[in-house]
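Enquirer: Build me a structure from this.
(4 chains)
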2 protein chains.
Amino acid sequence: MDAEQLTKQKLKESGLRVTPQRVLILQTIISPGQHLTAEEIHRQLPSFITLATVYNNLRSFVNLGIINELSFGNGSSKYEVAGEKHYHVICESCHKIVDFNYPRLIEVESAASRLTDYVVDHHTLEFYGLCNECRNKS
Amino acid sequence: MDAEQLTKQKLKESGLRVTPQRVLILQTIISPGQHLTAEEIHRQLPSFITLATVYNNLRSFVNLGIINELSFGNGSSKYEVAGEKHYHVICESCHKIVDFNYPRLIEVESAASRLTDYVVDHHTLEFYGLCNECRNKS
DNA sequence: TTTTTTGCAAAGATTTTGCATATGT
DNA sequence: ACATATGCAAAATCTTTGCAAAAAA
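Expert: Got it, this is the predicted structure:
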């Protein structure tokens, strides 16, 4: 089954109608290791797809757990396929994101639950630094 | 030395002019355990201080390392005094933040450096769950 | 044919900016 | 006096929304 079929199936499973817009938006995000902003996704799509449609669908996909939203300080988000859990390493200069596999920090999470009045159910861990290219530039 | 004097000293050390606006803004944030949005800070201040002035100064303070900015998905930030490093536990319902002390994850950071092409210099780790009050509500 | 989705343009929310005026040093 | 900060209103960003027209099931 090719990428288009997979995408369509994913939409059906989620109870969403299969529209060309959705198929194309999802296909753009679906390859692993991609982290795109709404703008970047929109730019890669044929021009009949509106930015508003991109935003609307990204929100649906996030709500249904098909994709993850990564929020940043500048007020914009990046999106990735939901799949294997992993952490992120982010370049402070060009904002490129790379996935990084490491055992989940479940004990730190338990400690957080124990030491605060919260029932903790997940956490986010992001590493910041400089990527190879940006290091060579400066 | 009282809070006002401490605040003024901090401003001078940072090379900033001591204006009443700055003293009041900084005093609002300075007590430990506080995590306020620009709006919340502004609301607590006398009305002669503009929201624009609050934003401008928050940015200066962040750049000078006097305070930390915590960014969120909804596009708004919260601010806290810079001081002892700690992690945060965030309520998914009311967004209340509580500080949480735990040894820094330096080895995970080294692993991130080692396993990616990045030179990592810091990380952020946030725990999400429900606070006591919100749990009792639902 | 019924319900959902799209596109458009307009509105929202948060944050930044330009410039004249006021203030700190 | 001089440089910097403030206030104001307007602009900039990113994202959401209302509603009529279009498309999916």
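Enquirer: Nearest residue to A:Ser76 in space, please, no chain neighbours.
Expert: A:Thr37 (5.4 Å; Cβ to Cβ, 6 or more residues apart in numbering or on different chains). Just so you know, the C-beta spots here come from the backbone N, C-alpha and C atoms, and that holds for glycine as well.
Enquirer: any idea how far A:Gly129 is from that neighbour?
Expert: Separation of A:Thr37 from A:Gly129 (Cβ to Cβ, to the nearest Å) stands at 21 Å.
Enquirer: Next: A:Gly83.
Expert: The value you get for A:Gly83 to A:Gly129, if Cβ to Cβ is used, is 24 Å.
Enquirer: and if you look at A:Leu105?
Expert: 19 Å.
Enquirer: between these two, which one's more packed in?
Expert: A:Gly129 (22 against 17; other Cβ atoms under 10 Å in any protein chain shown).
Enquirer: Name the residues of the helix or strand in which the more buried one is found that are buried.
Expert: Here A:Gly129 sits within strand A:119-130, counting by DSSP states H and E. For strand A:119-130, burial by neighbour count (16 or more other Cβ atoms under 10 Å in any protein chain shown) applies to A:120, A:123, A:125-130.
Enquirer: Just the angle for that strand relative to strand B:119-130, thanks.
Expert: Relative orientation of strand A:119-130 versus strand B:119-130 (axes from the mean of the first three to the mean of the last three Cα atoms, to 10 degrees): 160 degrees.
Enquirer: hmm, who's touching the worst-scoring helix or strand of chain A on mean pLDDT?
Expert: Every helix and strand in chain A was compared by mean pLDDT, DSSP states H and E; the lowest is helix A:132-137, with a mean of 92. Defining contact as Cβ atoms under 8 Å, 6 or more residues apart in numbering or on different chains, one finds that helix A:132-137 is touched by A:91, A:93-94, B:117-119.
Enquirer: Equivalent analysis for stretch A:100-116, please.
Expert: A:84-89, A:118-120, A:122-123, A:125, A:127, B:87, B:89, B:98, B:100-102, B:105, B:108, B:111-112, B:115-116, B:125, B:127, B:129.
Enquirer: Based on its surroundings, how many neighbours for A:Ala82?
Expert: A:Ala82 has 15 nearby residues by other Cβ under 10 Å.
Enquirer: For chain A, which segments count as helices?
Expert: A:3-13, A:20-30, A:38-44, A:51-63, A:106-115, A:132-137 (DSSP state H).
Enquirer: so how far is the fourth one off the chain centroid?
Expert: Think helix A:51-63. Averaging C-alpha positions (Cα atoms, centre = their mean, to the nearest Å) puts helix A:51-63 12 Å from its chain's average.
Enquirer: Then the shortest one?
Expert: Taking the mean of its C-alpha atoms, helix A:132-137 sits 24 Å from the chain's own mean (Cα atoms, centre = their mean).
Enquirer: pLDDT score assigned to A:Pro103?
Expert: What the model reports for A:Pro103 is a pLDDT of 97.
Enquirer: Around chain B, which positions in chain A sit nearby?
Expert: Residues of chain A lying close to chain B by Cβ under 8 Å from any Cβ of the partner chain are A:69, A:71-73, A:75, A:77, A:87, A:89, A:91, A:98, A:100-102, A:105, A:108-109, A:111-113, A:115-132, A:135.
Enquirer: That concludes my questions; thank you for your assistance.
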